[in-house]
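no sequence for this one, just the structure:
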């Protein structure tokens, strides 16, 4: 995992990707008991390609140059399948911008805050997210004021009420 | 050994599981990653028996797990 994160830091330093942060299940593992997952979800700012459209082609090319090959939707980097996700909306962008600096072994990285992880679960809305949301609420250290503010800002209060009912 | 009703015993088991979840949550992140890899290893034979790919992350020796990686079939 440290080696994988080191590669991500190099990609950011070299300008292949912009700012990145770990989201998804692995981010959740920072805050609660470990559970089974298979991908490391990495949210990134990608440089704009021609016509202003985002493309992962330069990223994949840079990774191939470094010896890391795509496996379906992921890239195997130092033994960990990494899913690169361009921030799809304002909530994910905010989560990326406000991600926390964390140290894993001797490597620095950024991880989504637990409040943003919960908001993204609400927004994504799958049954799996609902179950994980409930576990997160019980087990993770959540700043309730920050969480409620995020819900208000991204119009997720009603969804939260639906899940509580 | 104190005697208890089945309901009491079940409640005690649930309490113990809850305590364990909190203890696991407090583990260092890399310890948790090792557990995730162990979980992947545990389910790999089940997935293969179902004809599904089994993915097990590779961790280097510095992270306390010997290198082993099963490619998806």
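Structure received. Remember, predicted model here, so these are calculated numbers, not experimental data.

from now on I want contacts and neighbour counts done on CA atoms only, so please keep to that.
Noted.

check contacts around the most centrally placed residue in chain A.
Nearest residue to the geometric centre of chain A (CA atoms, centre = their mean): residue A:23, 2.0 Å. Counting by CA atoms under 8 Å, 6 or more residues apart in numbering or on different chains, residue A:23 makes contact with A:40-43, A:111-112, A:117.

mind showing which ranges of chain B have poor pLDDT?
Residue ranges of chain B with pLDDT under 70: B:1-3, B:60-73.

which residues of chain A lie near chain B?
Counting by CA under 8 Å from any CA of the partner chain, the residues of chain A lying close to chain B are A:1, A:29-38, A:78-81, A:104-105, A:139-140.

show the buried residues in the residues you listed.
Buried by 16 or more other CA atoms under 10 Å in any protein chain shown: A:1, A:29-38, A:78-81, A:139-140, out of these.

report the separation between the spatially most central residue of chain B and residue A:39.
By CA atoms, centre = their mean, chain B has its centre lying nearest to residue B:39, at 4.2 Å. As judged by CA to CA, to the nearest Å, residue B:39 and residue A:39 stand 14 Å apart.

now swap in residue B:17 and tell me
From residue B:17 to residue A:39 the distance is 26 Å (CA to CA).

who's more crowded, these two?
residue A:39 (20 against 12; other CA atoms under 10 Å in any protein chain shown).

in chain A, what helix or strand scores lowest on average pLDDT?
Least confident helix or strand of chain A, by mean pLDDT, DSSP states H and E, is strand A:70-71 with a mean of 88.

what sits up against it?
Contacts for strand A:70-71 (CA under 8 Å, 6+ apart): A:60, A:76, A:81.

so for the longest strand anywhere in chain A, mean pLDDT?
Assignment by DSSP state E gives strand A:80-86 as the longest strand of chain A. Mean pLDDT, computed over strand A:80-86, is 91.

after that strand, which helix or strand is next?
Where DSSP states H and E defines the elements, the next helix or strand beyond strand A:80-86 is helix A:90-97.

can you list the helices and strands that the next helix or strand after that following helix packs against?
Per DSSP H and E, the first helix or strand lying C-terminal to helix A:90-97 is strand A:100-104. Applying 3 or more CA pairs under 8 Å, 6 or more residues apart in numbering or on different chains; DSSP states H and E, one finds that strand A:100-104 contacts strand A:107-111.

how much space separates residue A:143 from residue A:149?
Residue A:143 is 10 Å from residue A:149, by CA to CA.
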